[in-house]
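Visitor: Give me a model of this one.
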Amino acid sequence: MNGDDLKTKENILNAAKAEFLAKGFMGASLRSIVKSAGVTTGAFYGYYKSKEALFDDLVSEQEAYFLARFNEAQNAFAELPHEEQSSHMSEISGRCIDHLLEYMYEHTDEFKLLLCCSEGTKHSDFIHRLVEIEINATHRFMDVLRSLGHEIPHIDPQLEHMLVSGMFSALFETIIHDMPKEEAPGFVHTLKEFYTAGWMKIMGL
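Guide: As a prediction, this is how the structure comes out:
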């Protein structure tokens, strides 16, 4: 792309971000985006094939980064020697969450789009995908504990899903409700302590 093309694409993205944040993906008007960007509809289709492709360009990088880093943290924990995992239950994931919290505040608009405005796109399952990663990691950890001789009670899958979904919903409240950045780490630290203690209680540790 030449300089003019890059500027036009930037104008489209800026107009789209404002429209999506104000109205969500479903309510956003491509006509309004095009008008705000100062381009014709025909020119728009030279850059994006659809409204969803435009939304995807705004959030896909941040979504992929978040999911990858979170998944890496879970795998790093699983690679610890079995005897060490219970004593490091929240250490690796805690550092990961601290990093991702900082990352979210560097990309606040993109995460608001993901969390509040993505209904009707493939990105609407963002939290669900995180929940799946966390639940799978929890099951691996419980299997390790059982292999070490711990009696881990059965956890109802519906309850498990509620607990994990609640954890992520609470984490993302920082972005959804515009918590000042300087306040968020303390909030998240307490959240991590609460959920770690709760899971230890449920697992009988």
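Visitor: Pull the number of nearby residues for Ala197.
Guide: Residues near Ala197, counting by other Cβ atoms under 10 Å, number 12. All C-beta atoms are positioned from the backbone trio N, CA, C, and that covers glycine.
Visitor: just checking, what packs against the strand or helix carrying it?
Guide: Assigned by DSSP states H and E, Ala197 falls within helix 184-203. With contacts taken as 3 or more Cβ pairs under 8 Å, 6 or more residues apart in numbering; DSSP states H and E, helix 184-203 sits against helix 91-106, helix 126-147, helix 157-176.
Visitor: quick one: the helix ranked longest in the chain to chain centroid distance?
Guide: Counting residues, the longest helix found in the chain (DSSP state H) is helix 51-78. Distance, stretch centre to chain centre, for helix 51-78: 7 Å (Cα atoms, centre = their mean, to the nearest Å).
Visitor: From the chain's centre, how far out is the helix or strand just after it? Work that out for me.
Guide: Toward the C-terminus, helix 51-78 is succeeded by helix 82-85 as the next helix or strand (DSSP H and E). Mean-position distance between helix 82-85 and its chain equals 28 Å (Cα atoms, centre = their mean).
Visitor: Same question for stretch 197-204: list its buried residues.
Guide: 199, 203 (16 or more other Cβ atoms under 10 Å).
Visitor: whoops, I mixed them up, stretch 93-111
Guide: Buried residues in stretch 93-111 (16+ other Cβ under 10 Å): 93-94, 96-97, 100-101, 104-105, 107, 109-111.
Visitor: Kindly state the domain boundaries assigned to the protein.
Guide: As assigned by automatic domain parsing, the chain contains the domains 1-49, 58-203.
Visitor: Let me have these in a markdown table, adding mean pLDDT as columns.
Guide: Below are the domains of the chain laid out as a markdown table (pLDDT from 0 to 100):
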| stretch | mean pLDDT |
| --- | --- |
| domain 1-49 | 91 |
| domain 58-203 | 93 |
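Visitor: nearest to Ala18, of the helices and strands packed on helix 184-203?
Guide: Minimum separation from Ala18 across these (Cβ to Cβ) falls at helix 157-176, 17.4 Å.
Visitor: What would the closest one look like as PDB? C-alpha coordinates only.
Guide: What follows is helix 157-176, C-alpha atoms only, in PDB (Å, rounded to 0.1, in the frame of the first residue of the first chain):
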ATOM      1  CA  PRO A 157     -19.400 -29.500  35.500                       C
ATOM      2  CA  GLN A 158     -22.100 -26.900  35.600                       C
ATOM      3  CA  LEU A 159     -20.700 -25.500  38.900                       C
ATOM      4  CA  GLU A 160     -17.200 -25.600  37.500                       C
ATOM      5  CA  HIS A 161     -18.200 -23.600  34.400                       C
ATOM      6  CA  MET A 162     -20.000 -21.000  36.600                       C
ATOM      7  CA  LEU A 163     -16.900 -20.600  38.800                       C
ATOM      8  CA  VAL A 164     -14.500 -20.200  35.900                       C
ATOM      9  CA  SER A 165     -16.800 -17.900  33.900                       C
ATOM     10  CA  GLY A 166     -17.300 -15.800  37.000                       C
ATOM     11  CA  MET A 167     -13.600 -15.400  37.400                       C
ATOM     12  CA  PHE A 168     -13.100 -14.000  33.900                       C
ATOM     13  CA  SER A 169     -16.200 -11.800  34.100                       C
ATOM     14  CA  ALA A 170     -14.800 -10.300  37.300                       C
ATOM     15  CA  LEU A 171     -11.400  -9.800  35.700                       C
ATOM     16  CA  PHE A 172     -12.800  -8.000  32.600                       C
ATOM     17  CA  GLU A 173     -14.900  -5.700  34.800                       C
ATOM     18  CA  THR A 174     -11.800  -3.600  35.000                       C
ATOM     19  CA  ILE A 175     -12.000  -2.800  31.300                       C
ATOM     20  CA  ILE A 176     -15.800  -2.900  30.800                       C
END
